[in-house]
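Colleague: Kindly generate the corresponding structure for this input.
(one chain, ligands or ions: 1)
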Amino acid sequence: MRFLSLIALAAATMISAAHAEDGYDLWLRYRPVEKQALVRYRAAATEVVSASHSATAKVTSDELVRGLSGLLAKKIATGTTIHGNGAVLFGTPANSKTIAGLKLPLAGLGPEGYVIKSATANGRKITVIAGNSDVGALYGAFRFLKEIQARAPVDRLAIVSAPKVKLRLLNHWDNLDATIERGYAGGSIFNWWTLPEHVPPRLVDYARANASLGINGTVLINVNASSLILTPGYIAKVARIADTFRPYGIKVYLVARFSAPMEIGRLTTADPLDPKVRAWWRNKADEIYHAIPDFGGFLVKANSEGQPGPQDYGRNHADGANMLAEALAPHGGVVMWRAFVYSHEVPDDRIKQAYNEFKPFDGKFADNVILQVKNGALDFQPREPFSALFGATPRTNTGMELQITKEYLGFNTHLVYLGSMWQEVFQSDTYAKGAGSTVAKVIVFNNKLTLMAGVSNIGADRNWCGSIFDQANWYAFGRLAWDPDAKADAIAADWVKLTFNANPAFDQPVVAMMMGSRETAVNYMTPLGLAHQMGTSGHYGPGPWVDDAGRQDWNPVYYHRAGKDGIGFDRTATGSNAVAQYFPPVAEKFSRVETTPENLLLWFHHLPWDYKMASGRTLWDELVTRYGEGEDAVHAMGAEWAKLKPYVDDERFAITADYLRIQARDAKLWRDASVAYFQSMSGLPLPSGMRAPAHSLSYYKQLSWPYAPGQGSPGRKVTPPPEEETQP
Ligand code: BDP
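Modeller: As a prediction, the model looks like this:
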């Protein structure tokens, strides 16, 4: 009897282990569809057919077989000819006569667009997945699988899709020692030590995941770069990665450290106008393209936070960017020149500096240069207004940099869906060419070369992103890079269906939770337009009192400007006048307190504590209320998730539940510490019924997180910032 129950227990454990999921499969799980739908889907996908023999066609076929055999729970045959109804034919008009004969609407879709159509060929009912190139068909194949994963009907398909943005890139901030700057999912997936001999299979799964979203490039290393990556030994390693990614339509890019000619080239200068320096970069580009014929190009962080750049030689950003552009141009490469620049010497409002640096050079950059501009003027905060540079440089290719890794949004342990934040940025109206010139439109239409870059949140953790829900941010980035006008809630709904299941009882509440999560984080960290209130350096917990960081504009006190008289940064004409950098209707809107959205109020205005808010509360009461709402909403997410246990496997349920507990703990800390600090400024009592902070202000001030992840190991940065930050 006892023996039997042990067997039963063992069997039960095996079953649950078989069903447990650790998140490795991301949104490409391909678990079998429910019995009642099986017959229908099986009829629509009986075999995979292609006449192309390219490496891309091979991985497309492999993915379709893998996906369909998983979803339909049966073996799927492949071949070069159609045998019967239900064949899934993929390819291009050039490599398939059947596809050419169908006269699909492929014109105007470019090399990466696709058409998926239910059609009849030779009397057979088939599904055709076609592109103008094999990569287009690959993207179509992933889309076809997604339709089944989301349980959409696939018997009358007529899908036409093409990316609106040309370069859709991940930016890894991975170091050569396998640590990651601002990485919260373990070490780097790029193991430089064992390359070029060994490429871990994981890199193939990385390429599959990216290709499933249409991401077509990746910058392999940190913007705070080491020149070593440009030496022959490392170029050979990069070439091996490029070979691995190529079938998936993914190009590799590198960060070019501006001082490389001196560090690895033995020159005595890196002056961009020096002929020897120019020749060095030309030779370097030739050497790279010899090893990697489709190398994408360089990303550069110059004269920013201590990184070398053209200004070290009295030259400007255009001189620097154009020199590299000249070296890459013969090979078709591009330079992505980051606009995240704020000078040490300039005492002006930090958020004005990038615009001031770059606006005067509009039209001076070469055609294969793209300015890479962070979404906001400061630095990936929970909420910032869009950067005034969008729309302001019409004669310069200008792309967007988003941060997928949540450096300022609670790392991997806070559930914060960024799709809604990015949608807010893309749909902001710049008025660059009159009303309706949204940031999304400006990025897509203003430029010859269009770019969307996302600072990766990927690491060596089994679940890739450090949490299950952070996978949604990788997913949303890819989807929005393809179409910046896509809707965040629809993307979230797709992700939930693919990642968990397509049960409305589960996915509706989860999507609602995701859609509210960003506002929740804003509320418990930086409500009403506050920004940069995190403890310096690690950027984890609250630090609104910090006033002794290396430079003035690294201090939270610089940003909130709270005192007895009130709180907020006056960026109108009576203050720093940053508003003037926006086009007139936007500038006017932000100049006036009454027309500034409340969620950006303290970003633009310094207001007395008794200022009356729309709710009828005073500013002080509203601030305290918002912090509390943030904390409460995290508890509500935890309660909601607990109810959804029956719909999720144990492992992914548990990690999410645990992390929501961490988030609740942190939200309380953020709320209490911030309220305690700002009360010491306002001198006002808490609104009635509000709980007092659990501890005194001095308690919160002495907290520190010296081992918070994402800061890397000592010596990680090749060049430290000019003055070391003092906070943990
Ligand atoms: C800041 C990060 C820092 C990056 C910098 C950048 O704290 O680690 O190097 O951005 O974007 O947000 O260059």
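
Colleague: ok, the closest residue to Trp464 other than its chain neighbours - contacts?
Modeller: Nearest residue to Trp464, sequence neighbours excluded (CB to CB, 6 or more residues apart in numbering): Ile458, at 5.4 Å. (Each C-beta comes from the backbone N, C-alpha and C, glycine too.) Counting by CB atoms under 8 Å, 6 or more residues apart in numbering, Ile458 makes contact with Leu170, His172, Ala185, Ile189, Tyr206, Trp464, Cys465, Trp474.

Colleague: mind giving me JSON lines with those residues and columns for distance to His532?
Modeller: Listed next are the contacts of Ile458 as JSON lines, based on distance: CB to CB, whole Å:
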{"residue": "Leu170", "distance to His532": "25"}
{"residue": "His172", "distance to His532": "24"}
{"residue": "Ala185", "distance to His532": "24"}
{"residue": "Ile189", "distance to His532": "30"}
{"residue": "Tyr206", "distance to His532": "32"}
{"residue": "Trp464", "distance to His532": "28"}
{"residue": "Cys465", "distance to His532": "24"}
{"residue": "Trp474", "distance to His532": "25"}
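
Colleague: Let me know the closest of the residues you listed to Lys35.
Modeller: Distance ranking of the contacts of Ile458 against Lys35, using CB to CB, places Trp464 first at 30.9 Å.

Colleague: which SS class is the closest one?
Modeller: Assigned with DSSP: H, G, I helix; E, B strand; the rest coil, Trp464 falls in the coil class.

Colleague: Need phi/psi at Ile126.
Modeller: phi -130, psi 170 (degrees, to the nearest 10).

Colleague: picking that back up, also within reach of the ligand: list those from the contacts of Ile458.
Modeller: With the criterion set as CB under 6 Å from any ligand atom, no member of those is near the ligand.

Colleague: for these, which one is nearest the ligand?
Modeller: His172 (12.4 Å; CB to the nearest ligand atom).

Colleague: Next up, the contacts around the closest residue to the closest one other than its chain neighbours.
Modeller: Of all residues not flanking His172 in the chain, Ser456 sits nearest, at 4.8 Å (CB to CB, 6+ apart). Counting by CB under 8 Å, 6+ apart, Ser456 touches Leu170, Asn171, His172, Trp173, Asp174, Thr218, Ile404, Thr405, Trp474.

Colleague: Could you check how far the first one is from Ala476?
Modeller: When you say that, I think you mean Leu170. 13 Å (CB to CB, to the nearest Å).

Colleague: for the third one, same thing?
Modeller: Taken as CB to CB, the spacing of His172 relative to Ala476 amounts to 18 Å.

Colleague: So which elements touch the helix or strand containing Arg208?
Modeller: Using DSSP states H and E, Arg208 sits within helix 202-213. Packing partners of helix 202-213 (3 or more CB pairs under 8 Å, 6 or more residues apart in numbering; DSSP states H and E): helix 134-149, helix 232-245, helix 471-482.

Colleague: immediately after the longest one, which helix or strand?
Modeller: Helices and strands here follow DSSP H and E; after helix 134-149, the next one along the chain is strand 158-161.

Colleague: On the three-state scheme, Lys117 is what?
Modeller: strand.

Colleague: Wait, Asn501 touches Leu644, no?
Modeller: No. The criterion here is CB atoms under 8 Å, and Asn501 misses it with Leu644 at 10.6 Å.

Colleague: if we can go back for a sec, got a markdown table for the helices and strands packed on helix 202-213, with mean pLDDT too?
Modeller: Output for the helices and strands packed on helix 202-213, formatted as a markdown table (pLDDT from 0 to 100):
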| stretch | mean pLDDT |
| --- | --- |
| helix 134-149 | 98 |
| helix 232-245 | 98 |
| helix 471-482 | 99 |
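
Colleague: Please name the nearest non-neighbouring residue to Ser467.
Modeller: That would be Asn412: by CB to CB, 6+ apart, it lies 4.6 Å from Ser467.

Colleague: got the phi/psi numbers for that neighbour?
Modeller: In terms of degrees, to the nearest 10, the main-chain angles of Asn412 are phi -80, psi -10.

Colleague: quick one: Lys589 and Thr596 touch, right?
Modeller: Yes. If you go by CB under 8 Å, Lys589 and Thr596 touch, sitting 6.8 Å apart.

Colleague: returning to that earlier point: which element is the residue nearest to Trp464 on?
Modeller: Here Ile458 is covered by no helix or strand, with elements defined by DSSP H and E.

Colleague: State the distance from it to the ligand.
Modeller: 16 Å (CB to the nearest ligand atom, to the nearest Å).

Colleague: The chain - how does it break down into domains?
Modeller: Using automatic domain parsing, the domains assigned to the chain come out as 21-161, 167-495, 523-701.

Colleague: Which of those has the highest mean neighbour count?
Modeller: domain 167-495 (a mean of 21; mean count of other CB atoms under 10 Å).

Colleague: now the end-to-end length of that one.
Modeller: End-to-end distance for domain 167-495: 23 Å, by CA to CA, to the nearest Å.

Colleague: same check, this time on stretch 70-80
Modeller: 22 Å.

Colleague: Spit out the contact partners of the spatially most central residue of the chain.
Modeller: Centroid-nearest residue in the chain: Ile404, 3.0 Å away (criterion: CA atoms, centre = their mean). Counting by CB under 8 Å, 6+ apart, Ile404 makes contact with Leu170, Leu418, Gly454, Val455, Ser456, Asn457, Asn473, Trp474, Phe477.

Colleague: Which residues of the stretch 101-250 of the chain lie near the ligand?
Modeller: Glu181, Arg182, Val223, Asn224.

Colleague: if you set the cut-off to 5 Å instead, what comes out?
Modeller: Counting by CB under 5 Å from any ligand atom, the positions of the stretch 101-250 of the chain adjacent to the ligand are Glu181, Val223.

Colleague: Dihedrals phi and psi, Leu299?
Modeller: The phi/psi pair for Leu299 (degrees, to the nearest 10) is phi -110, psi 140.

Colleague: Look up which residues are beta-bridged to it.
Modeller: Counting by DSSP bridges, Leu299 is bridged to Val255, Met336.

Colleague: isn't it right up against Val252?
Modeller: No. Using CB under 8 Å, Leu299 is not in contact with Val252; the gap is 11.2 Å.

Colleague: Name the residues contacting each of the two.
Modeller: Listed as contacting both Leu299 and Val252 by CB under 8 Å, 6+ apart are Val219.

Colleague: Double-check that Leu169 belongs to a strand.
Modeller: Yes. According to three-state DSSP, the state of Leu169 is that of a strand.

Colleague: List the single closest residue to it in space, sequence neighbours excluded.
Modeller: Gly217 (4.1 Å).
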